[in-house]
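Novice: Generate coordinates for the sequence data below:
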Amino acid sequence: MELKLQNISKSYGKNKALSDFSMTFTPGIYALLGPNGSGKSTLMNIITDNLRADTGEILYNGEPVRKLGVHFREKIGFMPQYPGFYTNFSARDFLCYIACLKDIPRKEIRAAVEDVLCAVELSDVAGQRIGTFSGGMKQRLALAQATLGDPEIIILDEPTAGLDPKQRIAVRNYISSIALKKIVMIATHVVSDVEFIAKEVIMLKKGVITDQAPPCELIANMAGKVWGLRCKESEIPFYEQRFQVVGISKAGEDTVELRVISDTGEGMTALSPTLEDYYLYVFGGQCQPAGSALR
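Specialist: Below is the predicted model:
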């Protein structure tokens, strides 16, 4: 199975959202990382045929997807960042409706729906109206509809937004379990969610790939660049002027421990880097790292 994007470009007026994007996807999980406006959502909408590229071509197993038409779209499961629901439907009825739209054989619908409800831990509320659901429950229902019908390509936009830590782990494990024979793309700002499950990370900035490698290789680039520094609370502004401070935690009555990204660390303690550290090193202050608030 192969999905190949060749020289994809897309502009909105004078704003270039994607610039000559080329990439070949095979089964496994791909993480799309980048700040807002980097082109992640544009890319996903082009692949799902919700948006037409200005230039370029998409091939699926060597065939142009424009030629395949509906036969290609049938192979895609898509979870948008802001999914829409019929709030008077129950979760089970909604998924049965989606199953009909996906042309799943009638005799297979019930079992398929119950399977995805169980996978996203919504079986116990399957009969409740969606309008009564919390944001996290709606998020899991959106994931369920994307994976319903066993699609070969699954595209997920912020799949763990609004989930508590236990639910995030469950969702990550579920995504990993179904990705062995599927192409899965995940766009997220929660970098830690893809650090241990992605086989490849694609870093996007202003529609251009800045890095593309397995997470372990990107993290290795941060060796000798992540440091711990203890100081007084009153000294925080001073160090924020000198270094990129990506974490602040309480260490004592008037002291804090800073997590610092710097090419040099004289007088500081070396720390083990993470994928989030690399993200912040590449994109600077364009996102708010987890743990940056004073605890």
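Novice: buried ones in the strand or helix carrying residue 67?
Specialist: Under the criterion of DSSP states H and E, residue 67 resides in helix 65-68. In terms of neighbour count (16 or more other C-beta atoms under 10 Å), helix 65-68 has its buried residues at 65, 68. All C-beta atoms are positioned from the backbone trio N, CA, C, and that covers glycine.
Novice: Tell me the helices and strands packed up against the helix or strand following it.
Specialist: Using DSSP H and E, the next helix or strand after helix 65-68 towards the C-terminus is helix 70-73. Using 3 or more C-beta pairs under 8 Å, 6 or more residues apart in numbering; DSSP states H and E as the contact test, no helix or strand touches helix 70-73.
Novice: Following the chain onward from helix 70-73, which element is next?
Specialist: Sequence order places strand 76-79 as the next helix or strand after helix 70-73, per DSSP H and E.
Novice: tell me how far that following strand is from the chain's mean position?
Specialist: Taking C-alpha atoms, centre = their mean, to the nearest Å, one finds strand 76-79 lying 13 Å from the centre of the chain it belongs to.
Novice: What pairs with it, parallel or antiparallel?
Specialist: For strand 76-79, the paired strands and their directions (DSSP bridges) read strand 153-157 (parallel).
Novice: List the contacts of the strand it pairs with.
Specialist: Residues from elsewhere that reach strand 153-157, judged by C-beta atoms under 8 Å, 6 or more residues apart in numbering: 3, 40-41, 44, 47-48, 75-81, 143, 146-147, 175, 178-179, 182-187.
Novice: of those residues, buried ones?
Specialist: By 16+ other C-beta under 10 Å, these give 3, 40-41, 44, 47-48, 75-80, 143, 146-147, 175, 178-179, 182-187 as buried.
Novice: any chance you could map the helices in the stretch 1-150 of the chain?
Specialist: Applying DSSP state H, counting those that start in this stretch to the stretch 1-150 of the chain gives helices spanning 40-47, 65-68, 70-73, 91-101, 106-119, 135-147.
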